[in-house]
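Trainee: here are the coordinates; sequence isn't available:
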Ligand SMILES: *Cc1c(COP(=O)(O)O)cnc(C)c1O
């Protein structure tokens, strides 16, 4: 008799996005002539830049003749892409060898899968609020108890609030796996070198591992802010980094990402090299590599032209974020993020709950955003607006907020 993995039943129902959809369609059914504007979605909207399209076309053409045809590649990725990624890191003095880079089809799946090389009794710490997959993958793996209004039992929540500039204090208890996302989804906060150093020192002292999600690193414009955790002294011994071409190059539908497991990285019970071997084994066993066509697109993203064109597109989204920030601030709303990230994190006016503000924004302004409480208990009282969107749509939504929001 087959039985299911009972941990799936612990998952607090995928509440956030279905509930947004339910409330939005209730509104549009009641108001069929009103056009609802969306600032809620964490997905890119602008077309892929020309040099990257050329790379993708090249990837297709390579398959059309015998000399350049390839089938299964190395599951860690094609050498030219791994080397181009290593070169990119060397610009930030992050010193990563190409053999430490594992190309994949997504940072979401890697961030769900990476916990699988660690013991089931590891204590997990997450930023609160956080990108949901860090929590859910550990719930499914059995590292937590049931959820209540304070979150899952057994999981260590590290609150990110105004009083700590949305970067957590060190956990008081000993934890083993620490998820940090910078620039952060949903808060838009970027960790400084000093903030990351504290966690790196903690991790080295306790032989903990930091799982560092830098999917939005290309949105950092401030040269003093670290784009990689490996800019921090000692991080190679204690950190695994996950990054992606999704938001940098409009690859959310194309799918291409990478994870870095330095050979120096060690857990409590391993020598240098063991974690690197385990992830190699995991990928070779469960994964046959990212698409060869798409990897040529990745090489093109990291070419000189590709870098220039994708940076321009990232700047376009950051300009959207700036438009959103100015519009909200003109209403006296307190906002965070947006300067080095595609998300604006606003404090709800008049102490409204995240969902109360959702309804208010929808009813008064016809704008849909994302309630902060959906990302974790400490997100209550906050709200995420996304800078991914066509300019005219972002401007229309912001004008509507400026004109119609009653505060
Ligand atoms: C969008 C996003 C990613 C990218 O995931 P892919 O699977 O590579 O598309 C990773 N982390 C965070 C926090 C994100 O918001």
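Mentor: Looks like it arrived, so ask away. Bear in mind the structure is a predicted one, so any value in this text is a computation, not a measurement.

Trainee: Give me the secondary structure label for residue 388.
Mentor: Following DSSP: H, G, I helix; E, B strand; the rest coil, the label given to residue 388 is coil.

Trainee: and it, how many neighbours does it have?
Mentor: 22 (other C-beta atoms under 10 Å). Quick note: C-beta positions are derived from backbone N, CA and C, even for glycine.

Trainee: Next up, the contacts around it.
Mentor: 41, 42, 43, 44, 45, 317, 320, 342 (C-beta atoms under 8 Å, 6 or more residues apart in numbering).

Trainee: closest to the ligand among those?
Mentor: The closest of the contacts of residue 388 to the ligand turns out to be residue 42 (C-beta to the nearest ligand atom; 5.4 Å).

Trainee: Report the contact partners of the residue lying closest to residue 216 once chain neighbours are set aside.
Mentor: Spatially, and ignoring its direct neighbours in sequence, residue 216 is nearest to residue 183 (4.0 Å; C-beta to C-beta, 6 or more residues apart in numbering). Going by C-beta under 8 Å, 6+ apart, residue 183 touches 189, 190, 216, 217, 219, 220, 337, 340, 341, 343.

Trainee: Mind doing that once more with 10 Å?
Mentor: 189-191, 213-220, 225, 227, 247, 337-343 (C-beta atoms under 10 Å, 6 or more residues apart in numbering).

Trainee: Also residue 5?
Mentor: 140, 141, 142.

Trainee: is it true that residue 134 lies in a helix?
Mentor: Yes. Under three-state DSSP, residue 134 falls within a helix.

Trainee: correct me, but it touches residue 113?
Mentor: No. Contact criterion C-beta atoms under 10 Å: residue 134 and residue 113 do not qualify, at 11.9 Å.

Trainee: For these two, indicate the residue with more neighbours.
Mentor: A count of neighbours by other C-beta under 10 Å puts residue 134 above the other of residue 134 and residue 113, at 24 against 18.

Trainee: Nearest spatial neighbour of the more buried one, chain-adjacent residues omitted?
Mentor: Nearest residue to residue 134, sequence neighbours excluded (C-beta to C-beta, 6+ apart): residue 179, at 4.2 Å.

Trainee: OK, contacts around that neighbour?
Mentor: Residue 179 touches 111, 114-115, 124-127, 130-131, 133-135, 137-138, 158, 209-213, 242, counting by C-beta under 10 Å, 6+ apart.

Trainee: pretty sure it is in a strand, no?
Mentor: Yes. According to three-state DSSP, residue 179 belongs to a strand.

Trainee: Bridged to it, which residues?
Mentor: residue 126, residue 211 (DSSP bridges).

Trainee: That one and the ligand, how far apart?
Mentor: 10 Å (C-beta to the nearest ligand atom, to the nearest Å).

Trainee: got it, and residue 176?
Mentor: Relative to the ligand, and taking C-beta to the nearest ligand atom, residue 176 is found at 21 Å.

Trainee: Please apply the same query to residue 94.
Mentor: Residue 94 is 19 Å from the ligand, by C-beta to the nearest ligand atom.

Trainee: Need the phi and psi values for that residue.
Mentor: Dihedral pair for residue 94: phi -90, psi -10, per degrees, to the nearest 10.
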